[in-house]
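Colleague: show me how the following folds:
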Amino acid sequence: MFCRKYQTYCDRLVQDTPFLTSNGRLNEQQVDKIILQLNRFYPQILTNKEAEKFRNPKTSLRIRLSDLLTHLQRKGERDCQEFYRALYINAQHLYGSLPSRKAMSPMFFLACFSVAAGLAFLIYYCSPDPRVFRGARRVIGFSPIIIGKHVSHYLLAYLEKSFREP
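Modeller: Got it, this is the predicted structure:
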């Protein structure tokens with residue numbers, strides 16, 4: 001079937017642990033920032049003693065990171081969620097390439113294609129009446145906020161071109 005079962009943050013962390021602990025994914029500075037965020041910011045996930053343990057430079061980075069991820073999995077869903085938040089803030093490039101984020105069902109791609117086809121249909125068959133088209137411009141103008149920065153360049157170029165035309 002096309003349906004994917006609900007995946008908790010702890011499930012995602014189990015799936016992402018081998019990827020995160022492989023050599024070169026996270027450097028010492030990124031791991032320290034993540035640990036400090038989990039220790040110092042609300043909600044406080046790690047105690048001072050736990051943070052010191054996971055920041056100990058005498059232990060290899062891979063072991064400390066592996067121990068941290070195991071510790072968070074044992075603590076529960078909220079702590080795993082806060083880890084992902086800290087990872088997003090401190091290593092956004094890595095967050096986007098996590099295996100748990102890449103595993104999308106065929107329904108996701110079908111939905112994306114449907115939205116793109118719908119937008120293309122609206123633009124192609126849109127009424128030449130300026131009042132109708134002005135409303136479509138507003139919708140298209142706000143869609144880059146929802147869709148993302150890569151698509152926004154094309155939509156904004158289209159809007160810019162259509163504003164210049166009479």
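Colleague: how many other residues sit next to residue 17?
Modeller: Per other C-beta atoms under 10 Å, the neighbour tally for residue 17 reads 17. To be clear about C-beta, it is placed using only N, CA and C from the backbone, and glycine gets the same treatment.
Colleague: excluding residues flanking it in the chain, which one is nearest it?
Modeller: residue 69 (5.0 Å; C-beta to C-beta, 6 or more residues apart in numbering).
Colleague: give me the next element, helix or strand, following the helix or strand harbouring the one you found.
Modeller: Assigned by DSSP states H and E, residue 69 belongs to helix 61-75. Using DSSP H and E, the helix or strand that follows helix 61-75 towards the C-terminus is helix 77-90.
Colleague: any buried residues in that following helix, and which?
Modeller: Within helix 77-90, the residues scored as buried using 16 or more other C-beta atoms under 10 Å are 79, 80, 81, 82, 83, 84, 85, 86, 87, 90.
Colleague: turn those residues into JSON lines, columns for distance to residue 39 and pLDDT.
Modeller: Formatted as JSON lines, the buried residues of helix 77-90 follow (distance: C-beta to C-beta, whole Å; pLDDT from 0 to 100):
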{"residue": "79", "distance to residue 39": "12", "pLDDT": "95"}
{"residue": "80", "distance to residue 39": "16", "pLDDT": "95"}
{"residue": "81", "distance to residue 39": "16", "pLDDT": "95"}
{"residue": "82", "distance to residue 39": "11", "pLDDT": "95"}
{"residue": "83", "distance to residue 39": "12", "pLDDT": "96"}
{"residue": "84", "distance to residue 39": "16", "pLDDT": "96"}
{"residue": "85", "distance to residue 39": "14", "pLDDT": "95"}
{"residue": "86", "distance to residue 39": "10", "pLDDT": "95"}
{"residue": "87", "distance to residue 39": "15", "pLDDT": "96"}
{"residue": "90", "distance to residue 39": "13", "pLDDT": "94"}
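Colleague: tell me which of those is nearest to residue 57?
Modeller: The shortest approach to residue 57 among the buried residues of helix 77-90 belongs to residue 90, at 18.2 Å (C-beta to C-beta).
Colleague: mind listing what that closest one touches?
Modeller: Contacts for residue 90 (C-beta atoms under 8 Å, 6 or more residues apart in numbering) come out as 30, 33, 34, 37.
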